[in-house]
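>>> Prediction below, plus the sequence it came from.
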Amino acid sequence: MNKYKLNIELNHFELLSNLTDLLFFQMLSSFGKRFDSKGAKPLDPKDLIYTNLYGQFGVDLESSRKRGDWVDTEKLLAKGRDWIIDQVKKSEIRGRGGAGFATGTKMSYLPKKVGKKPHYLVINGDEGEPGTCKDRQVLLNEPHKIIEGALLTSYAIQAHTCYAYIRGEFRYEIQRLQKAIDEAYKEKLIGKNNKFGWDFDVHIFSGAGAYVCGEETALLNSISGLPGHPRYKPPYPSKAGLFNAPTLVNNVETISSIPAICRRGGEWYSSIGVPGSKGTKIYCISGNVNNPCVVEEAMGVPIKYLIEKYGGGVIGGWDNLLGVFPGGMSCKMLTAEEASEAIMSFDDLEEYDSAFGTGALIVLDKSVDLLGTFARVAKFYEKESCGQCEPCRSGTARIADIIERLSNGTGKKKDIKLLEQAAKKNNPCCCGLAPAGADPIKGLLRHYRKEVEKLVKD
């Protein structure tokens, strides 16, 4: 009788009686190595940053302090600006708003010395990406993490003023953040002559519902009283941002992670996740799942793990899965097979020709109206184009028009080719809205072209 003794890594054995056994063992060993090297370990509860993500505890200053906010903040500031930036660099955190740029590097781009114009910090809370609601949860239930993170970041970049740009529809969230700001002023945690010795003011600016203002330069224009249109770059905000002064723009989730990074150390943060995608992440899981939710987990965990453990699985079971948008509607959808293999990391999703985006997983099962779903996606981007760039203005409209015809039954087979041509046009624009509107369509035609052709009558 053949006997095997394999450990968890599948790299030890006692007896292999023949070549068949050897080949079988090599297959198992290879599979184990691929599995171990690709996905991250699930997040240990002790490494959670957001312990009140669901609002199960109080959000006031006293309750926040009990959860670790504003603890030893003075000691962190005393370590100096360079130390804070160094910890952020060591953490390897990348922007959580969608672009994924290295946060520590971005901080270091601002001038070392303050010139004639002051430095500014701007927090991007204009959360308008379909399927994304992570920042909303932080604004509602962890507002003091945002304010403390803003203080630490502003001190590091020598900014005395911060603007929190919050989506206009988030009225209750704005009230929560404002209440926390008022508490911080009252306790002299911020403001002039505060207890930390770094004068620092926080102002809330409410957006007006434009999705394009999630782009940082459009957001800066909006605060400045200009139309919320993206700027041509360069110059970049680090040199000429808000009021044409050096500015750092970071997402709500990014800023609210800074206190934990400084308190526990950048190396602690970078010990979580996978290469190129470090730390924790707030994921949004929605669509055809049994338990739509928002959850904090490690970067780099498998998509299937997130959907089954936290989303309660696909409605009708995994075999009923049609596809998954891994990072919000602006990325290409993964097939069921790809979603079974892929992990939530920047690099891995790029290998599947998709994107990490905001980490908002939108799950579609086989019951969905495929063309109707993508027609709504296309209509969203047509509506949200600011119209400044002609390729975006006309391109999003053309895509929306063609797929609407295909969806309502008036389209022809030739329209599929026209749709493909419109999506593949790559004319330069000020921002990424045009490609964001085209990428989902590219993914649709790459993976589901036969299904689309079956739905279209000639």
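The structure has been received and is ready for your questions. None of the values given here were measured: they were computed from a predicted structure.
>>> can we go C-alpha only for contacts and neighbour counts from here?
Will do.
>>> Kindly provide the distance from the spatially most central residue of the chain to residue 183.
Geometric centre of the chain, nearest residue: residue 358, 2.2 Å, by C-alpha atoms, centre = their mean. According to C-alpha to C-alpha, to the nearest Å, residue 358 and residue 183 sit 30 Å apart.
>>> ok, now residue 420?
As defined by C-alpha to C-alpha, residue 420 lies at a distance of 54 Å from residue 183.
>>> give me the low-pLDDT residue ranges for this structure?
Counting by pLDDT under 70, the chain contains low-confidence ranges at 1-37, 458.
>>> Could you chop it up by domain?
Domains of the chain are assigned by automatic domain parsing as 1-38, 45-270, 277-364, 370-455.
>>> ok, and which of these has the densest surroundings?
Greatest average neighbour count among the domains of the chain goes to domain 277-364 (a mean of 22), per mean count of other C-alpha atoms under 10 Å.
>>> can you point me to the longest helix in the chain?
Taking DSSP state H as the criterion, the chain has its longest helix at helix 433-455.
>>> and that helix, what other elements does it pack with?
helix 370-384, helix 390-408, helix 413-424 (3 or more C-alpha pairs under 8 Å, 6 or more residues apart in numbering; DSSP states H and E).
>>> Just send the ones you listed back as TSV, with distance to residue 97 too.
Output for the helices and strands packed on helix 433-455, formatted as TSV (distance: least, C-alpha to C-alpha, whole Å):
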stretch	distance to residue 97
helix 370-384	18
helix 390-408	21
helix 413-424	24
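>>> Can you say which of those helices is nearest to residue 49?
helix 370-384 (32.7 Å; C-alpha to C-alpha).
>>> Packing partners of that closest one?
Using 3+ C-alpha pairs under 8 Å, 6+ apart: helix 370-384 touches helix 390-408, helix 433-455.
>>> Can you pull out the residues in contact with the last one?
It stands for helix 433-455. Under the contact criterion C-alpha atoms under 8 Å, 6 or more residues apart in numbering, helix 433-455 has outside partners 212, 329-335, 370-371, 374, 377-378, 381-382, 385, 391-392, 395-396, 399, 413, 416, 420, 423-424, 426.
>>> That helix: how far from the chain's middle?
Its chain's average C-alpha position is 22 Å from that of helix 433-455, according to C-alpha atoms, centre = their mean, to the nearest Å.
>>> Return that helix as PDB; C-alpha atoms alone will do.
C-alpha atoms of helix 433-455 as PDB (Å, rounded to 0.1, in the frame of the first residue of the first chain):
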ATOM      1  CA  LEU A 433     -13.400  59.300 -17.200                       C
ATOM      2  CA  ALA A 434     -13.400  58.400 -20.900                       C
ATOM      3  CA  PRO A 435     -11.300  55.200 -20.500                       C
ATOM      4  CA  ALA A 436     -13.400  54.400 -17.400                       C
ATOM      5  CA  GLY A 437     -16.500  54.400 -19.500                       C
ATOM      6  CA  ALA A 438     -14.900  52.400 -22.200                       C
ATOM      7  CA  ASP A 439     -13.200  49.700 -20.200                       C
ATOM      8  CA  PRO A 440     -16.400  47.900 -19.000                       C
ATOM      9  CA  ILE A 441     -17.600  47.700 -22.600                       C
ATOM     10  CA  LYS A 442     -14.200  46.300 -23.700                       C
ATOM     11  CA  GLY A 443     -14.500  43.600 -21.100                       C
ATOM     12  CA  LEU A 444     -18.100  42.800 -22.100                       C
ATOM     13  CA  LEU A 445     -17.100  42.200 -25.700                       C
ATOM     14  CA  ARG A 446     -14.000  40.300 -24.900                       C
ATOM     15  CA  HIS A 447     -15.700  37.800 -22.600                       C
ATOM     16  CA  TYR A 448     -19.300  37.800 -23.600                       C
ATOM     17  CA  ARG A 449     -19.400  38.600 -27.300                       C
ATOM     18  CA  LYS A 450     -21.200  35.400 -28.200                       C
ATOM     19  CA  GLU A 451     -23.800  36.000 -25.500                       C
ATOM     20  CA  VAL A 452     -24.300  39.600 -26.900                       C
ATOM     21  CA  GLU A 453     -24.600  38.300 -30.500                       C
ATOM     22  CA  LYS A 454     -27.300  35.800 -29.400                       C
ATOM     23  CA  LEU A 455     -29.300  38.700 -27.800                       C
END
